[in-house]
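Participant: turn this into a model:
(2 chains)
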2 protein chains.
Amino acid sequence: MKVLIVYAHPEPKSLNGSLKDLAVSTLESAGHEVRVSDLYAMNWKAVVDAADYGPYASSPLKINSDSGRAFDAGALTPDVLAEQEKLLWADTIILQFPLWWYTMPAILKGWVDRVFTCHFAYGVGEHSDTRYGERFGEGTLAGRRGMLVVTTGGPEAHYAPRGINGPIDDLLFPIQHGILYHPGIEVLPPFVLYAVDRMTADEYADAAKAWEQRLLTLESTEPIAFRRQNSGDYEIPSLQLKEGLEPAGRTGFRLHVRD
Amino acid sequence: MKVLIVYAHPEPKSLNGSLKDLAVSTLESAGHEVRVSDLYAMNWKAVVDAADYGPYASSPLKINSDSGRAFDAGALTPDVLAEQEKLLWADTIILQFPLWWYTMPAILKGWVDRVFTCHFAYGVGEHSDTRYGERFGEGTLAGRRGMLVVTTGGPEAHYAPRGINGPIDDLLFPIQHGILYHPGIEVLPPFVLYAVDRMTADEYADAAKAWEQRLLTLESTEPIAFRRQNSGDYEIPSLQLKEGLEPAGRTGFRLHVRD
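Facilitator: Numbers count the residues shown, from 1 in each chain, chains lettered A, B, ... in the order given. Okay, here's the model as predicted:
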């Protein structure tokens, strides 16, 4: 495999840092190639602005069209071009981050906001009344697999189906489906560690073992069965799921996962 | 009212900029006080790092405890202290942003990550096996009301209950419940404008009228009926919703809204 790890944690001597280092050594020992985008170490610019599009920044600024024109012209900034090149190089893409306020840290959101430009990660393919682009299972990054590695402060019960934070699968849906699957990446089930601030050394040893096991079986892991936009499951152009495709009573984000 | 608008859009001459200006003029004309945190204009630092906690940054860095100790000592950075002061001043808090990749832009996430420190927005109140803090309806910002103002590129159908993006209420839940309600803010229904890149002048006029109407009726608008953590609806300490409180078949984020 060619694995890109996009890693967003400010402290190398953290549990997240240890898990990232373990992933690199485990994958390389198994003969895989690994590249890491360590966003804090790279001092990644998190905020989209006109400077991202150079001479293609219009006035007033229009993120969608300006980013698409800068992409087409090869005129995006070197930091963004380097990340797009890594995504195209990789066959496996891991986003690793601590869950802060129920989603990713700002530095990683800023990686998405800046790297996932128009014509690269969206605005790909024909957009018309009969076809709404190559998205959700198709697109620039089709053929690749990805997954999230997430740590939480709160205990697992709080993220359970009846937990007060909401189910972890629903919290991660906008990232797994909306960010990874949108440009075509097949999404493997996430690796989530809960209550990491209270983790004992023994618990960490178990977690590290479980993470190694996931890494060594990535190639045979089945992706989440998200529905493809252009598979016939959705009305065009409303992109509403056709009636009757889901088990009785299913609602919300889970509609978009096949049985 | 004392209204704080936290506004995250890079282009003043945008539809978002117009809506923000309209909010300020409408509210001030009606006799209310308004303060605006225009994050792009402020060149807001989006990324949490050790510099945020000065001498209270431990090595290795621990965001939770370090931010809490810096908060307790009044040693947070001036930009963060100013935002906390505005939140305490306000009785009404509006977060306005374009939906980028199904959530807020990085600059606004970074406002949350940095301003919502431990002992201010979380880690408040007793945490034990019988009580898990003052959260979700209680906390530092209790007594205040808040709401989201959101624009999307995609059309409303894609955010409908069966839409491919997921229902807008579910996409906003981690922000409305996890960020606003968590430190005690009662959350009013959001004001969402869809497909804004294709909006005509007539449609904008209608949207502006609807936004004015919302602004002038904020004080009488009923908040979303999120369940209070310490109301008796949840098991302690698992914070799972007790069985039988919801209508048959309801699952996911909606469990946490009363009928």
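
Participant: ok, so what distance separates residue A:52 from residue A:102?
Facilitator: 27 Å (C-beta to C-beta, to the nearest Å). C-betas here are computed from N, CA, C, even on glycine.

Participant: so between those two, which is more surrounded?
Facilitator: Legend: neighbour count by other C-beta atoms under 10 Å in any protein chain shown for residue A:52 and residue A:102, higher for residue A:52 (24 against 21).

Participant: next up, the contacts around the more buried one.
Facilitator: Contacts for residue A:52 (C-beta atoms under 8 Å, 6 or more residues apart in numbering or on different chains) come out as A:67, A:70, A:76, A:77, A:80, A:114.

Participant: repeat that for 6 Å
Facilitator: Residues near residue A:52 by C-beta atoms under 6 Å, 6 or more residues apart in numbering or on different chains: residue A:77.

Participant: quick check, it in a strand?
Facilitator: No - Residue A:52 sits outside any strand when classified using DSSP: H, G, I helix; E, B strand; the rest coil, being helix.

Participant: can you give me the mean pLDDT across stretch A:97-106?
Facilitator: For stretch A:97-106, the mean per-residue pLDDT is 98.

Participant: now the end-to-end length of stretch A:5-23.
Facilitator: Using C-alpha to C-alpha, to the nearest Å, the end-to-end distance of stretch A:5-23 comes out at 9 Å.

Participant: state the mean pLDDT of it.
Facilitator: Stretch A:5-23 comes out with an average pLDDT of 98.

Participant: now do it: everything it contacts.
Facilitator: By C-beta under 6 Å, 6+ apart, the residues outside stretch A:5-23 that reach it are A:36-40, A:94-97, A:105, A:107-108, A:151, A:196, A:208, A:211, A:215, B:49, B:60-61.

Participant: cool, stretch A:123-142 as well?
Facilitator: Stretch A:123-142 is contacted by residues A:68, A:120, A:181, A:182, A:183, A:184, A:185, A:228, A:229, A:236, A:237 when judged by C-beta under 6 Å, 6+ apart.

Participant: secondary structure class of the last one, three-state.
Facilitator: Okay, so that is residue A:237. Three-state assignment for residue A:237 (three-state DSSP): coil.

Participant: next up, the contacts around it.
Facilitator: Contact partners of residue A:237, counting by C-beta under 6 Å, 6+ apart, are A:129, A:132.

Participant: how about a cut-off of 10 Å?
Facilitator: Neighbour list for residue A:237: A:127, A:128, A:129, A:130, A:131, A:132, B:155, B:157, B:158 [criterion: C-beta atoms under 10 Å, 6 or more residues apart in numbering or on different chains].

Participant: repeat that for residue A:151.
Facilitator: Contact partners of residue A:151, counting by C-beta under 10 Å, 6+ apart, are A:9, A:14-16, A:19, A:96-99, A:191-197, A:199, A:207.

Participant: and these, which of them are in strands?
Facilitator: Mapping the contacts of residue A:151 onto strands (DSSP state E) picks out A:96, A:97, A:98, A:191, A:192, A:193.

Participant: tell me which two in those are the farthest apart.
Facilitator: A:98 and A:191 (13.1 Å; C-beta to C-beta).

Participant: what do these two both touch?
Facilitator: In contact with both residue A:98 and residue A:191: A:149, A:150, A:151, using C-beta under 10 Å, 6+ apart.

Participant: which among the contacts of stretch A:123-142 count as buried?
Facilitator: A:68, A:120, A:181, A:182, A:183, A:184, A:185, A:228, A:229 (16 or more other C-beta atoms under 10 Å in any protein chain shown).

Participant: isn't the fourth one right next to residue B:166, touching?
Facilitator: No - Residue A:182 lies out of contact with residue B:166 (C-beta atoms under 10 Å); the separation is 11.7 Å.

Participant: shared neighbours of these two, which are they?
Facilitator: A:174, B:102.

Participant: ranges for the strands of the stretch 101-250 of chain A?
Facilitator: A:145-151, A:186-187, A:191-193 (DSSP state E, counting those that start in this stretch).

Participant: a markdown table for those, including mean pLDDT?
Facilitator: Formatted as a markdown table, these follow (pLDDT from 0 to 100):
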| stretch | mean pLDDT |
| --- | --- |
| strand A:145-151 | 98 |
| strand A:186-187 | 98 |
| strand A:191-193 | 98 |
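
Participant: now do the contacts for the residue lying farthest from the centre of chain A.
Facilitator: Distance from the centre of chain A peaks at residue A:59, with 31.0 Å (C-alpha atoms, centre = their mean). Applying C-beta under 10 Å, 6+ apart, we find residue A:59 in contact with A:50, A:66, B:11, B:13.

Participant: give me the buried subset of the residues you listed.
Facilitator: Buried, going by 16+ other C-beta under 10 Å: A:50, A:66, B:11, out of the contacts of residue A:59.

Participant: surely the first one meets residue A:77?
Facilitator: Translated: residue A:50. No - using C-beta under 10 Å as the test, residue A:50 is too far from residue A:77 to be in contact (11.4 Å).

Participant: quick check: neighbours shared by those two?
Facilitator: Joint contacts of residue A:50 and residue A:77 (C-beta under 10 Å, 6+ apart) do not exist.

Participant: where along the stretch 1-150 of chain A do the helices fall?
Facilitator: Secondary structure of the stretch 1-150 of chain A, counting by DSSP state H, counting those that start in this stretch: helices at A:15-29, A:63-72, A:78-89, A:106-115.

Participant: just put the ones you listed in a markdown table and tack on distance to residue A:173.
Facilitator: Putting those into a markdown table (distance: least, C-beta to C-beta, whole Å) gives the following:
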| stretch | distance to residue A:173 |
| --- | --- |
| helix A:15-29 | 22 |
| helix A:63-72 | 23 |
| helix A:78-89 | 21 |
| helix A:106-115 | 15 |
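
Participant: tell me the most buried of those helices?
Facilitator: Mean neighbour count (mean count of other C-beta atoms under 10 Å in any protein chain shown) peaks for helix A:106-115 among these, with a mean of 25.

Participant: quick check, stretch A:98-111 touching chain B?
Facilitator: Yes - for stretch A:98-111, a contact with chain B is found by C-beta under 10 Å from any C-beta of the partner chain, at A:98-111.

Participant: please apply the same query to stretch A:203-210.
Facilitator: No - Stretch A:203-210 lies apart from chain B when judged by C-beta under 10 Å from any C-beta; the minimum separation is 14.6 Å.
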